[in-house]
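K.L.:
The amino acid sequence is not available; the structure is as follows:
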């Protein structure tokens, strides 16, 4: 069985923007597990890397591998700055996505996702996945296509119900156009987002490998619904608990909050693993799964393995800026608890969002209130239909007056934070705004961050390999499931790692 055929035991979480970068994903894949790149805002991230001088030449090397050299050349001519932009100079911005964008704008998105997957797959034959958010609808078709041109092996999607995606993967594999339903507030439900591969090739589009599709879900009922209503093959599920970082599914039932103002989750929010086993598809447990004990528990519960994010987020390979990593790791290594707050208001999507309480970040309400509101990336904007029938876009984190003029309610803007700009700041690509302000970070991690000191054991730095060795320490892997399955000890993982690195 080749590494591509075998189900991964450990999936490295696809943390955006750029935290799960190609360096981290490649490191995990070379060890025989599933490395995952984040596709969130990848187009804007690529052009910022180019404007910073493409240190190491990695972006240019991957662009050289893109089949349309003329398209890659156009992007380089427009955005590459050999000496890098000045620290106080704003980044040049891409136009914000709309229902329909021109071919050149689509091509930047295709290229950026191609580049990230291409780099993650260099030098090994292990598997690489890409993670996209269902709620960020408008760039997703071009993002998926670019990743597939690079040969991505898995597509992971959460933050919504991605029932239209399987047919998209099928169509793109055949070089055919595809569309998905476009969520438009006050619309009649007939709007679509469309993408045609034929627009981006001089001849017939190439046939591509169809990646495996793993929706990220929070409940077994959602898994059953996807299997019934998805328009193509679903290959398995990632079951994400509300302890996971980033966006969480809202609690089911009547909202309730604890004394800190965090949403309270209960039994209704727990996934029934017995019902998941009955579906007959592989599943992985995520959220609070970053320990050897949790990996064993997952396997004993019938899971194929676990998805782990938080431990990988602070590795040397991950994209969080070194200064922010050091801040968190020093505090954790000294035995201090790093607080993670589930903010019910931060995200313009309305989903709860985990925020690391880091001094100097936008997590501080006082500092955030001093920030001048601006919406210049626009990935979390929501589409709505105006009274004249046209489609427009608004974000609850944009300037309040602008949002209200677009028909939004003022109360919906309270507490909202510009995650697009903040998450770019997390990875060292903060925008310098016109008034001279530099965007501040908002770090997000799962509740597992509170237990980071147990893993660190006094260390202030660690690698993806360290995380994998920790998770696999003493684990006896039960392959293929079932009580009669042959058990293999953890050293067998070394054989898979060696095969992946050939």
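P.N.:
Arrived safely, thanks for sending. Predicted model, so just to flag it, every value in this text is computed and none were measured.
K.L.:
Pass me the low-pLDDT residue ranges in the chain, would you?
P.N.:
For the chain, residues meeting the criterion pLDDT under 70 lie at 1-4, 359-368, 474-502.
K.L.:
Let's see that with 80 instead.
P.N.:
1-5, 334-337, 358-369, 474-502 (pLDDT under 80).
K.L.:
Longest helix in it, by number of residues?
P.N.:
Identified as the longest helix of the chain according to DSSP state H is helix 103-120.
K.L.:
and after that helix, which helix or strand comes next?
P.N.:
Using DSSP states H and E, the helix or strand that directly follows helix 103-120 along the chain is strand 128-133.
K.L.:
who are the neighbours in contact with residue 8?
P.N.:
By Cβ atoms under 8 Å, 6 or more residues apart in numbering, the residues touching residue 8 are 33, 34, 127, 284, 304, 305. Glycine gets a C-beta too; all of them are placed from N, C-alpha and C.
K.L.:
And residue 412, by the same measure?
P.N.:
Residues 396, 403 are the ones in contact with residue 412 under the rule Cβ under 8 Å, 6+ apart.
K.L.:
is it true that residue 452 touches residue 337?
P.N.:
No. Using Cβ atoms under 8 Å, residue 452 is not in contact with residue 337; the gap is 9.2 Å.
K.L.:
Please say which of these two ends up with more neighbours.
P.N.:
residue 452 (21 against 13; other Cβ atoms under 10 Å).
K.L.:
buried ones in the helix or strand the more buried one falls within?
P.N.:
Assigned by DSSP H and E, residue 452 belongs to helix 452-456. Judged by neighbour count (16 or more other Cβ atoms under 10 Å), helix 452-456 contains these buried residues: 452, 453, 455, 456.
K.L.:
Which two among these are spaced furthest apart?
P.N.:
Greatest spacing in the buried residues of helix 452-456, by Cβ to Cβ: 453 and 455 (7.4 Å).
K.L.:
what about residue 11, distance to residue 268?
P.N.:
26 Å (Cβ to Cβ, to the nearest Å).
K.L.:
contact partners of the helix holding residue 452?
P.N.:
With Cβ under 8 Å, 6+ apart as the criterion, helix 452-456 contacts 290-291, 310-311, 314, 328-329, 332-336, 338, 462, 470.
K.L.:
Please identify, among those residues, the one with the most neighbours.
P.N.:
residue 310 (29 neighbours).
K.L.:
thought that one was touching residue 448?
P.N.:
Yes. Contact criterion Cβ under 8 Å: residue 310 and residue 448 qualify, at 4.4 Å.
K.L.:
between the two, what contacts are shared?
P.N.:
With Cβ under 8 Å, 6+ apart as the test, residue 310 and residue 448 both reach residue 290.
K.L.:
and residue 346, what is it in contact with?
P.N.:
Residue 346 touches 353, 355, 415, 416, 417, 419, 442, counting by Cβ under 8 Å, 6+ apart.
K.L.:
any idea which of those has the most stuff around it?
P.N.:
residue 419 (29 neighbours).
K.L.:
Which parts of the stretch 101-250 of the chain are helices?
P.N.:
103-120, 140-149, 165-173, 220-229 (DSSP state H, counting those that start in this stretch).
K.L.:
Of the ones you listed, flag the one that's most buried.
P.N.:
Using mean count of other Cβ atoms under 10 Å, the stretch among the helices of the stretch 101-250 of the chain with the largest mean neighbour count is helix 140-149, at a mean of 27.
K.L.:
List of residues touching it?
P.N.:
With Cβ under 8 Å, 6+ apart, helix 140-149 has contacts from 39, 42-43, 66-67, 106, 109-114, 116-117, 130, 132, 134, 155, 165, 168-169, 172-173, 178-180, 193-195, 197, 200, 206, 208-211.
K.L.:
cool, stretch 395-408 as well?
P.N.:
The contact list for stretch 395-408, computed with Cβ under 8 Å, 6+ apart, reads 348, 373-375, 378, 380-382, 384, 386, 392, 394, 410, 412-413, 416-419.
K.L.:
got the buried residues for that stretch?
P.N.:
Neighbour-count burial for stretch 395-408, counted by 16+ other Cβ under 10 Å, picks out 395, 396, 397, 398, 400, 403, 408.
K.L.:
Mind picking the one among those that's closest to residue 426?
P.N.:
When these are compared against residue 426 (criterion: Cβ to Cβ), the nearest one is residue 397, at 16.1 Å.
K.L.:
In a strand, the closest one, correct?
P.N.:
No. Using DSSP: H, G, I helix; E, B strand; the rest coil, the assignment for residue 397 is coil, not a strand.
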